[in-house]
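> Predicted structure and sequence below. I'll ask about it afterward.
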Amino acid sequence: MHIEVRNLNKNFGDFHAVKDVSFDIEKGKLIGLLGPSGGGKTSILRMLAGLEAPSSGDIVFHGKRVNDLPPQERGIGFVFQNYALFKHMTVFDNVAFGLKVKKMPKEQIRERVMYLVELTGLKGFEHRYPHQLSGGQRQRVAFARALAPEPQLLLLDEPFAAIDAKIRTELRTWLKEMIERVGITSIFVTHDQDEAIEVADEIMIISKGRLEQKGSPWDIYKNPETPFVASFIGESSFIDNISSLRGFESAAVHPETKALIRPEYIELGKPGEIKLASATMPATVKHVHFRGSEWMVELMVGDTKLITYRSLEKDVLHPGENVSVLLHRAYLFNDSDSWIMENPLKVDPMPIHI
Amino acid sequence: MRRLWITLTYIVFGILLIAPLIKIFTGAWEDGLQGFMDALTRPQSLHALMMTGIIVVVVTLINTLFGVMLALYLVRAQWLGPKLKRLLNSIVDLPFAVSPVIGGLMIVLILGPNTVIGALFEDAGLKIVYALPGMILATLFVTFPIMVREVMPVLQEIGAQQEEAASTLGAYSWYTFWKVTWPSIRWGVIYGVVLTVARSLGEFGAVLVVSGNIMNKTQTATTLVYQDVENFNVVAANGIALVLAAFSVGLLLLMEWAKKRKEVH
């Protein structure tokens, strides 16, 4: 289903939860609504479902304005954060609910439910009650129940929030595959950037009720359009006086410019380890933290703190040690503008051709 | 010291609860089975028990229907502002706070034969005060909060999400209520019914004021006990009281069972 949203607003009393949000979603896409908690993502999802009425703005499905349609008539499936399974019904009855409402013949209901139960890997659990299932199984039931009436649009509110970390990654992959197989337009809400990047075809970043940026995960990662997006994606170091760092002196021509630098933009080596020595600057190690698969290193360049990672394969660093640092690029912004600056010194000033 | 307290507690418990029950029981049998049967089969006893029965049935039906509805509106309705909801919520408790006698008096003052509304109804052929409708109204007033207070917390606890899920699956409100909401609040409603029955069975003050306690006309079981005691007809009073007490004990057992079920679901 093709979805258009135009100038959507939602007020809860004095609180302006969703501010002038507009976007288009193509048929068959899997979209992630990403942003900090309380940013209005769930409100947008609920308005799309018809569970909440917009204060102003239009929601258009397939070229038809659906603002005044109740949720029953929108042709959507909704997976709630806590699944909201009917706890007095078995798995079978939960999945069959939407079909019984439609008064489908019994035999057909049975067929469709068994198909979905098998698709979601719940075969053998049809007669269990929700409280007899694990978190991951409940999530699958909620998913099967939402898909049963063949909706045109699937909405998922924090689908993995209530599941423990190990199974979560497993379920993510499962859900992505499942949605691709069914071929249904889907929107899911999450506050976890890894989840959004891994699962979504396209990400919409929502903060404080505004749509900050919409694009593919790679796009958003590479070209963040607003300081919020730059700081939200990845774990960036925030730099006040960027012009004090080697390679970025020219940033001083724009007054009041600040910078965000991602750990992966920072190359770190013991003196002599980095080939392009002319572009490096000295730094001292402040702390090293073990992060399971790598070291997280806190560096001080003058008064500026930088965070980066170092492979476990390389020599272990110790606090107080002197190292060299090369900044590959930085995300710069001021009140009026934002842009990405590559380190100009990386182009070797005296190339030697052999 | 501890033994003393335990003994004291049992003594208080015995004097307050057990002794009266035993007294009612032995009192009812003072003149043997015949005396007990005579007390019960007096025309005024049969009539009073019938009145109590009618009141209990009607009040429980009305109270269940409107109590569940009000609880649903107070918890779920979005068209009620939060302030209005809070106001309604506190008004619901009014009958618990006000003495039943005052509740009965209010009905007499508003709907009595000397008032505008009361006269209007009387012209239409419907007597309210000093008749059955008034007694039902008075009992309704006293028992109204019970159902609302039983169902509201259950509704709040289960949340609106299951109902919302039903609506996204295409179910409209009536279907959703019976298939999704009702199974969750069922035991709360049954508990509320039991309490309502018990309360309307024993209601005295409000009914006394509204009914005028006219023998064979507007007398209920409780007001008959009162009158028998006034007339020093202690055996008869004990007989009726025993019937009421037996009912109450039965209800208590039912309530315990319902409570257990309520906790399970």
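Noted; the coordinates are in hand. Numbers count the residues shown, from 1 in each chain, chains lettered A, B, ... in the order given.

> Distance from the chain centre to the longest helix seen in chain B, please.
In chain B, with assignment by DSSP state H, the single longest helix is helix B:43-76. Centroid displacement of helix B:43-76 relative to its chain, using Cα atoms, centre = their mean, to the nearest Å, is 7 Å.

> Point out the other helices and strands that it packs with.
When contacts are defined as 3 or more Cβ pairs under 8 Å, 6 or more residues apart in numbering or on different chains; DSSP states H and E, helix B:43-76 packs onto helix B:32-41, helix B:82-92, helix B:132-158, helix B:182-202, helix B:221-230, helix B:234-264. In this view, the C-beta of every residue, glycine as well, is placed from N, C-alpha and C.

> how does it look with 6 Å?
helix B:132-158, helix B:182-202, helix B:221-230 (3 or more Cβ pairs under 6 Å, 6 or more residues apart in numbering or on different chains; DSSP states H and E).

> Compile these into a markdown table and extend it with columns for mean pLDDT, distance to A:F97 and mean neighbour count.
Converted to a markdown table, these look like this (pLDDT from 0 to 100; distance: least, Cβ to Cβ, whole Å; neighbours: other Cβ atoms under 10 Å in any protein chain shown):
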| stretch | mean pLDDT | distance to A:F97 | mean neighbour count |
| --- | --- | --- | --- |
| helix B:132-158 | 92 | 16 | 22 |
| helix B:182-202 | 91 | 13 | 21 |
| helix B:221-230 | 92 | 47 | 20 |
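
> now those helices as CSV including distance to chain A?
Below are these laid out as CSV (distance: least, Cβ to the nearest Cβ, whole Å):
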stretch, distance to chain A
helix B:132-158, 8
helix B:182-202, 4
helix B:221-230, 39
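
> so what's B:P43 scoring on pLDDT?
According to the prediction, B:P43 has pLDDT 91.

> any idea how far the residue nearest the centre of chain A is from A:G35?
The C-alpha lying nearest the average C-alpha coordinate of chain A belongs to A:A196 (Cα atoms, centre = their mean; 2.9 Å). The gap separating A:A196 from A:G35 is 9 Å, by Cβ to Cβ, to the nearest Å.

> So A:A53: helix, strand or coil?
For A:A53, the assignment made with DSSP: H, G, I helix; E, B strand; the rest coil gives coil.

> neighbours around it, how many?
Using other Cβ atoms under 10 Å in any protein chain shown, A:A53 has 11 other residues around it.

> ok, back up a step: what about the residue nearest to the centre of chain A, which SS state?
helix.

> Run through the residues that contact it.
Going by Cβ atoms under 6 Å, 6 or more residues apart in numbering or on different chains, A:A196 touches A:32, A:34, A:190, A:203.

> Looks to me like the last one is in a helix.
Which is A:I203. No. Counting by three-state DSSP, A:I203 falls outside a helix, being strand.

> For it, give the beta-bridge partners.
Here A:I203 sits in beta bridges with A:G32, A:G215, going by DSSP bridges.

> Tell me which residues touch it, please.
A:32, A:34, A:196, A:217, A:220.

> neighbouring contacts of stretch B:220-235?
B:30-31, B:35, B:39, B:48-49, B:51-52, B:204, B:207-208, B:213, B:236-237, B:240-241, B:244.

> hmm, which of those residues are the buried ones?
The neighbour-count test (16 or more other Cβ atoms under 10 Å in any protein chain shown) marks B:35, B:39, B:48-49, B:51-52, B:204, B:207-208, B:213, B:236-237, B:240-241, B:244 as buried among those.

> which strands and helices sit next to the one helix or strand A:L171 maps to?
Using DSSP states H and E, A:L171 maps to helix A:165-182. In terms of contacts (3+ Cβ pairs under 6 Å, 6+ apart), helix A:165-182 is packed against helix A:193-199.

> rerun that using 7 Å as the cut-off
With contacts defined as 3 or more Cβ pairs under 7 Å, 6 or more residues apart in numbering or on different chains; DSSP states H and E, the packing partners of helix A:165-182 are helix A:135-147, helix A:193-199.

> What is the neighbour count of B:I11?
Other residues close to B:I11 by other Cβ under 10 Å number 10.

> do the one 5 residues further on as well
Other residues lying near B:L16 total 9 when counted by other Cβ under 10 Å.

> chain center to stretch B:236-254: distance?
With Cα atoms, centre = their mean, you get 15 Å for stretch B:236-254.

> So which bits of it are buried?
Those would be B:236-245, B:247, B:251, B:254, for stretch B:236-254 by 16+ other Cβ under 10 Å.

> Not counting its own residues, what contacts it?
B:21, B:24-25, B:27-28, B:36, B:39-40, B:45, B:194, B:197-198, B:201-202, B:221, B:224-225, B:228-229 (Cβ atoms under 7 Å, 6 or more residues apart in numbering or on different chains).
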